[in-house]
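Student: Sequence and predicted structure below; questions after.
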4 protein chains.
Amino acid sequence: MWREQQAVEPDGDPDGAEAQAPARPGRPRDARAHQAIIDATLELLSADGYSKLTIESIANRAGVGKTTIYRRWPSKGPLVSEVISGLIHLGPMVDTGDTRKDLAIFLKAVLTAMSQPLVGGTIPGLANDMGSDPALAEPFRQFIIAPKRQRVNAILDRAVSRGEIDEDVDRELVMDLLVGPILWRALLTGAPLNTDVTQSIVDHVVRSIGLRPVPQNGEVPAPAGRSQR
Amino acid sequence: MWREQQAVEPDGDPDGAEAQAPARPGRPRDARAHQAIIDATLELLSADGYSKLTIESIANRAGVGKTTIYRRWPSKGPLVSEVISGLIHLGPMVDTGDTRKDLAIFLKAVLTAMSQPLVGGTIPGLANDMGSDPALAEPFRQFIIAPKRQRVNAILDRAVSRGEIDEDVDRELVMDLLVGPILWRALLTGAPLNTDVTQSIVDHVVRSIGLRPVPQNGEVPAPAGRSQR
Amino acid sequence: MWREQQAVEPDGDPDGAEAQAPARPGRPRDARAHQAIIDATLELLSADGYSKLTIESIANRAGVGKTTIYRRWPSKGPLVSEVISGLIHLGPMVDTGDTRKDLAIFLKAVLTAMSQPLVGGTIPGLANDMGSDPALAEPFRQFIIAPKRQRVNAILDRAVSRGEIDEDVDRELVMDLLVGPILWRALLTGAPLNTDVTQSIVDHVVRSIGLRPVPQNGEVPAPAGRSQR
Amino acid sequence: MWREQQAVEPDGDPDGAEAQAPARPGRPRDARAHQAIIDATLELLSADGYSKLTIESIANRAGVGKTTIYRRWPSKGPLVSEVISGLIHLGPMVDTGDTRKDLAIFLKAVLTAMSQPLVGGTIPGLANDMGSDPALAEPFRQFIIAPKRQRVNAILDRAVSRGEIDEDVDRELVMDLLVGPILWRALLTGAPLNTDVTQSIVDHVVRSIGLRPVPQNGEVPAPAGRSQR
DNA sequence: AGCTAAACGAGACGGTACGTCGCGTCTTCAA
DNA sequence: TTGAAGACGCGACGTACCGTCTCGTTTAGCT
């Protein structure tokens, strides 16, 4: 994940088997310390929030030296990024065969993840730190954003293959239209966030991309959403 | 705006005329110091960004004591909130008679405002601080969000009165669908943001709410969702 | 005492009678404010000590503006100096006819004055401020030291006139020998201070200056230093 | 001296030899920083005086963080107390065989020490702070007062053993009579302080305790207080 | 079994900023 | 002009964390 030196697998793998001991000299890193840091981070994060989280307090809580933390993560941003990425499980990538239903399930999962105070309350902090430390952006996108993109792409691919939407639908934009409002509400407006909202969003988005019922019997469907621009 | 005690209008206003001098005891606050603080905040904000912004540096730059700042704002959050709210001019509330065009103009203005590094780079910082200081949320919404809501409402109201959309369109959701993707891209994904994108968003949203062409000559319009444009 | 401008009597006194109103323009100084300041100073001085005393707290306690204090005293030093000088009453200048007894009474009075926490706890603060502000030295000597010198001089003068000591006794030094140990103990050593101590000091000093019994009947007195006590 | 935790000797000393390294965990305190602080304090103390001395300025001058100072001393009082205690060298404890001469040498040394602006100008500040912080009194007495007491005791012990004074002479009081007037003059009266004065004080004190010439040849000395000088 | 070398806890280090306090001055309105 | 009120620029306070740096100790793999 973010290990700085260690754990960076030396490419050659003579055994061909499972990654053997990397055989570095010196005392190996202590897995218990690692876990203690992550646990402490979680506890403090949920207790006081991202901006009040300090490396010092994590070290104290974990019973660990500050260097032990800095040896693994360059700052609290990547540490937290890794920690909360472990919390965001969008669940299994379901396939109901119904595009609208798939999208609704997906968006509900996103909502659930963002609704965890731990997650929702931490995202803006990370986004903020991305300003001063662009290096933080990459892992963030990798852990937080990529899974969502992947899911939406899969759903839309299936819809295309079923002939429900045109091929040229802008997948990126669809993801933005789905997830953006969730973020906007969670971070800024404070407007309510519940399953009804995600359903409404999905309904609107589905209509906006001209989702057609699954063509059956080779019947040509009405040219819904034809010739827009 | 955020003055803590001063400028709190005494309720009764017997004359009904302009708010007379409240005549608070003691030396009144210095308007030049106030302005100097705001100017310095702006300069430093654009130079170093929100997270590196410091009350101390603002005071230095403004040639002002720290207490003079603390007397007016409880922390840098509300100060910055007020300062950047002055930057977000969505422009005059235009009415082209064309709903799609109105929305496009609106969203482009939002994009322009968010694209200012000063603004876009500051929003997540504020959102972050809102976690530890919920009191910050209110002015934020007042200055940042309310104007947008107001515009969207106006545009949709006109559309309804022209019979282009149904009355029961969820105005709040429309705003979310329009603005959310902008925020999502600006803060997190790093995806490109330009006029094409805003146009695409508007197109999708417009279709999602079943915008009809203006009914003319008493002609009954085609059913919603059909052959728009 | 320390009034800065006011109270400096304009020399000419046209009426020749009692000092009429000086007839200065503007509102006259408020005697109640003056007293309130002094009272507040006393209270705070005894509560928190000299070094924690602040002009600000005095003004608050007295219900008075800071300027009202600064108009009368240039800093807390002279103010306190004046205030505690009012506390040091060495009592009436007694004359028992017995030099030893007179000195003992005097020194006991000094001890009593210095033992007031208000006084003893304040002296070093004033002495300290005299370092940075030599102007403070003068009123200090005037109010605190001069009365003591005066008493010792009077006692020794009577002793000389009675022929108990030689004329060339160093009055200044005698005062130092009497008062110095009191100060030394009170401020620095923390050694006990009580009437026994003052009596011991007096005994020693009296012997050191060769006090003779009052020569009576033209009888030649016994050699100095004989059989005191 | 005043180290807060460090250097606190672990009680048991099994070897009886030199205090072994206590082997406290963590990085040991930096002796050079320690010295730099003391040097800076001295320089600033002599330049600006005690009351204008600032922890902040010491840290700057010493090239040291403020915490590094606070880690060692709780406030400027104890720091200065330790620093100036290093300056008060009463010189070697001489023994001329002549009590009067020994006392004169001692008192002259005291005068010399107190006359250093660094010392004399600092004492009242410390005495003042002892009011608000009684904990300051202890090191003060240890460093400033104890050495004097020790000297006077030694001188008087020798005088007793030579039969020059009675055994029951109040040593504490003698010290007070000697040193008190010096302090009194230095701090408060502003009266001159020179060798003549110390000699006069010694003369008076010596007479006040009935110092007899050294008894020689088993001859019984004349009664106390007789014909000295 | 000894050697080398990294990781570990502890905590000191030079810094920066915090938010507060008090200074002595000033500016307002009301007596 | 005085007085209460309170804002002002300033400087220092003592604290919290930063990220780095020693310490002595522990824990491995490699001679």
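Tutor: That came through, no problem.
Student: can we go C-alpha only for contacts and neighbour counts from here?
Tutor: Will do.
Student: For A:Trp73, grab the count of nearby residues.
Tutor: By other Cα atoms under 10 Å in any protein chain shown, 18 other residues sit near A:Trp73.
Student: For chain C, what is the nearest residue in chain A?
Tutor: Chain A approaches chain C most closely through A:Lys52 (34.0 Å), counting by Cα to the nearest Cα.
Student: and the helix or strand hosting A:Asp196 with helix B:195-208, angle?
Tutor: Using DSSP states H and E, A:Asp196 maps to helix A:195-208. Calculated by axes from the mean of the first three to the mean of the last three Cα atoms, to 10 degrees, helix A:195-208 forms an angle of 100 degrees with helix B:195-208.
Student: now check helix A:195-208, is it near chain B?
Tutor: Yes: against chain B, helix A:195-208 shows contacts by Cα under 8 Å from any Cα of the partner chain at A:Ile201, A:Asp203, A:His204, A:Val205, A:Val206, A:Arg207, A:Ser208.
Student: excluding its backbone neighbours, what's nearest the second one?
Tutor: Spatial nearest neighbour of A:Asp203, excluding adjacent residues (Cα to Cα, 6 or more residues apart in numbering or on different chains): A:Arg100 at 7.5 Å.
Student: what comes into contact with the host helix or strand of that neighbour?
Tutor: A:Arg100 is part of helix A:99-115 when elements are defined by DSSP H and E. Residues from elsewhere that reach helix A:99-115 (Cα atoms under 8 Å, 6 or more residues apart in numbering or on different chains): A:87-91, A:94-96, A:119-120, A:151-152, A:155-156, A:158-159, A:178-179, A:182-183, A:186, A:193-195, A:198-199, A:202-203, A:206.
Student: The lowest-mean-pLDDT helix or strand in chain A: which residues count as buried?
Tutor: Across the helices and strands of chain A, mean confidence by mean pLDDT, DSSP states H and E is lowest for helix A:137-140: a mean of 80. Neighbour-count burial for helix A:137-140 flags A:Ala137, A:Pro139, A:Phe140 (criterion: 16 or more other Cα atoms under 10 Å in any protein chain shown).
Student: try stretch A:191-205
Tutor: Across stretch A:191-205, burial judged by 16+ other Cα under 10 Å covers A:Leu193, A:Thr195, A:Val197, A:Thr198, A:Gln199, A:Ile201, A:Val202, A:Asp203, A:His204, A:Val205.
Student: what residue ranges in chain A are flagged as low confidence?
Tutor: Scanning chain A for pLDDT under 70 picks out the ranges A:1-23, A:214-229.
Student: What parts of it come near DNA strand F?
Tutor: A:23-28, A:52-57, A:66-67, A:70, A:75-76 (Cα under 7 Å from any atom of the strand).
Student: ok, of those residues, which come out buried?
Tutor: Buried among the residues of chain A next to DNA strand F (16+ other Cα under 10 Å): A:Leu53, A:Ile55, A:Lys76.
Student: wait, what's in contact with the spatially closest residue to the last one that is not a sequence neighbour?
Tutor: Read that as A:Lys76. Spatially, and ignoring its direct neighbours in sequence, A:Lys76 is nearest to A:Ile55 (6.6 Å; Cα to Cα, 6+ apart). Contact analysis of A:Ile55 by Cα under 8 Å, 6+ apart lists A:Lys66, A:Ile69, A:Ser75, A:Lys76.
Student: restrict these to those near DNA strand E?
Tutor: Near DNA strand E, by the rule Cα under 7 Å from any atom of the strand, you find A:Lys66 out of these.
Student: With secondary structure and distance to C:Glu172 added, can I get the contacts of A:Ile55 in CSV?
Tutor: Formatted as CSV, the contacts of A:Ile55 follow (DSSP: H, G, I helix; E, B strand; the rest coil; distance: Cα to Cα, whole Å):
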residue, secondary structure, distance to C:Glu172
A:Lys66, helix, 66
A:Ile69, helix, 71
A:Ser75, coil, 71
A:Lys76, helix, 72
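Student: any idea how far the residue of chain A closest to chain C is from A:Thr99?
Tutor: Going from A:Lys52 to A:Thr99 by Cα to Cα, to the nearest Å gives 42 Å.
Student: And A:Leu156, by the same measure?
Tutor: Separation of A:Leu156 from A:Thr99 (Cα to Cα) stands at 8 Å.
Student: cool, A:Leu173 as well?
Tutor: 16 Å.
Student: Name the nearest residue to A:Val152, sequence neighbours excluded.
Tutor: What sits nearest to A:Val152 in space, not counting adjacent residues and going by Cα to Cα, 6+ apart, is A:Met175, at 6.4 Å.
Student: That neighbour against A:Arg149, yeah?
Tutor: Yes: when contacts are counted by Cα atoms under 8 Å, A:Met175 is listed as touching A:Arg149 (6.7 Å).
Student: quick one, which of A:Leu173 and A:Thr99 is more surrounded?
Tutor: Higher neighbour count among A:Leu173 and A:Thr99: A:Thr99, with 24 against 18, using other Cα under 10 Å.
Student: Does at least one residue of stretch A:35-46 sit close to chain B?
Tutor: No: Stretch A:35-46 does not reach chain B (Cα under 8 Å from any Cα); its nearest approach is 11.4 Å.
Student: nearest residue to the residue nearest the centre of chain A other than its sequence neighbours?
Tutor: The centre of chain A sits closest to A:Ile144, judged by Cα atoms, centre = their mean, with a distance of 2.4 Å. Closest residue to A:Ile144 apart from its sequence neighbours, by Cα to Cα, 6+ apart: A:Ser85 at 6.4 Å.
Student: domain assignment for chain A?
Tutor: A:2-72, A:99-208 (automatic domain parsing).
Student: Need the winner for burial among those domains.
Tutor: Scoring those by mean neighbour count under mean count of other Cα atoms under 10 Å in any protein chain shown gives domain A:99-208 as the most buried, with a mean of 19.
Student: and the end-to-end length of that domain?
Tutor: Start and end residues of domain A:99-208 are separated by 14 Å (Cα to Cα).
Student: Kindly reformat the residues of helix A:195-208 next to chain B as a markdown table containing distance to C:Met114.
Tutor: Below are these laid out as a markdown table (distance: Cα to Cα, whole Å):
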| residue | distance to C:Met114 |
| --- | --- |
| A:Ile201 | 83 |
| A:Asp203 | 88 |
| A:His204 | 88 |
| A:Val205 | 88 |
| A:Val206 | 91 |
| A:Arg207 | 92 |
| A:Ser208 | 91 |
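Student: quick check, nearest of those to DNA strand E?
Tutor: For these, the residue nearest DNA strand E by Cα to the nearest atom of the strand is A:Ile201; the value is 38.9 Å.
Student: Find the nearest non-adjacent residue to that closest one, please.
Tutor: Counting by Cα to Cα, 6+ apart, A:Ile201 lies nearest to A:Leu178, which is 6.5 Å off, once chain neighbours are set aside.
Student: residues touching that neighbour, list them.
Tutor: Residues in contact with A:Leu178, defined by Cα under 8 Å, 6+ apart, are A:Leu107, A:Ile201, A:Val202, A:Val205, B:Leu177.
Student: Could you check how far it is from DNA strand F?
Tutor: 35 Å (Cα to the nearest atom of the strand, to the nearest Å).
Student: That residue: which element?
Tutor: Element membership of A:Leu178 [criterion: DSSP H and E] is helix A:171-183.
Student: go on, A:Leu126?
Tutor: helix A:123-132.
Student: Kindly report the same for A:Ala146.
Tutor: Per DSSP H and E: A:Ala146 is located in helix A:146-161.
Student: Report all helices and strands that that helix contacts.
Tutor: Other helices and strands packing on helix A:146-161, by 3 or more Cα pairs under 8 Å, 6 or more residues apart in numbering or on different chains; DSSP states H and E, are helix A:99-115, helix A:171-183.
Student: Which elements pack onto the helix or strand following the longest one?
Tutor: Toward the C-terminus, helix A:99-115 is succeeded by helix A:117-120 as the next helix or strand (DSSP H and E). Of the remaining helices and strands, those touching helix A:117-120 by 3+ Cα pairs under 8 Å, 6+ apart are helix A:31-48, helix A:99-115.
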